[in-house]
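A.B. asks: Please work out how this folds:
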Amino acid sequence: PAAQPMRKFVLASDDLFEKPATVKLKDKQRLNEVGAYLEKNPFSLVLVQAFTGLVGDHDENLVLTQAQAMVVRNYLADKFEFDDSKLKTKGMGEVPATTPGQTHWIEISVYAPEGGT
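C.D. replies: As a prediction, this is how the structure comes out:
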C-alpha cells in the first residue's frame, strides 16, 4: 500500500520460532499481543512480511520467509476474531538488516480502514 501503516510490529524470528531457519512457533506471546490489537482496532489490511539478512542460500531464504509469513498469518487467523481475508503475506527473502546484527525478522504492518486513521 502507498499509505503508511497505522501500526507496525517488528518481531525477531529468534523470539517467535524455535530456530531462525524453521517455521515451528515457540513463543506466541508477542503474536497474541498483535492478535489482541487486531481484534480491538478496525483495519483495511494487515501485511505479514518475513525477512532474512544477507546470509545463506538465496532460494532457500525466499522459501523460508514465505513459509514463516504464512505460519504467522495462519496463527493470527486461527486464534483471533477478525476478517482474515484482510491478512496478506509476503516472504521477502534476503534484505539488508535495518538493525545491526538483525538476521531474521517478521514485520506486521496494520493499515487503517479506508477513510480512517
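
A.B. asks: dump the residue contacts of the residue most central in space within the chain.
C.D. replies: Centroid-nearest residue in the chain, with CA atoms, centre = their mean: V48, separated by 3.4 Å. By CB atoms under 8 Å, 6 or more residues apart in numbering, the contact list for V48 reads A69, V72, R73, L76, L87, K88, T89, K90, I106, E107, I108. C-beta here means a position set from N, CA and C on the backbone, and glycine is covered the same way.

A.B. asks: so which two of those are the farthest from each other?
C.D. replies: Maximum pairwise distance among those (CB to CB): 14.8 Å, between L76 and K90.

A.B. asks: longest helix anywhere in the chain?
C.D. replies: Using DSSP state H, we find that the single longest helix of the chain is helix 58-79.

A.B. asks: Tell me the confidence at the residue nearest to L62 when sequence neighbours are not counted?
C.D. replies: Sequence neighbours aside, G93 is the residue nearest to L62 in space, at 3.7 Å (criterion: CB to CB, 6 or more residues apart in numbering). G93 carries a pLDDT value of 89.

A.B. asks: How many residues are close by G93?
C.D. replies: 19 (other CB atoms under 10 Å).

A.B. asks: Who is it paired with across the strands?
C.D. replies: F51 (DSSP bridges).

A.B. asks: what residues are up against it?
C.D. replies: F51, T52, H58, N61, L62, T65.

A.B. asks: I'd like those written out as a markdown table, with neighbour count, distance to A3 and pLDDT added.
C.D. replies: Converted to a markdown table, those look like this (neighbours: other CB atoms under 10 Å; distance: CB to CB, whole Å; pLDDT from 0 to 100):
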| residue | neighbour count | distance to A3 | pLDDT |
| --- | --- | --- | --- |
| F51 | 25 | 21 | 91 |
| T52 | 27 | 26 | 88 |
| H58 | 10 | 30 | 88 |
| N61 | 23 | 28 | 91 |
| L62 | 16 | 26 | 93 |
| T65 | 26 | 23 | 94 |
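
A.B. asks: from these, which two are the most distant?
C.D. replies: Across the contacts of G93, the longest distance by CB to CB is 13.0 Å; it joins F51 and H58.

A.B. asks: Tell me where this protein has helices.
C.D. replies: Assigned by DSSP H, the chain shows helices spanning 13-16, 29-40, 58-79.
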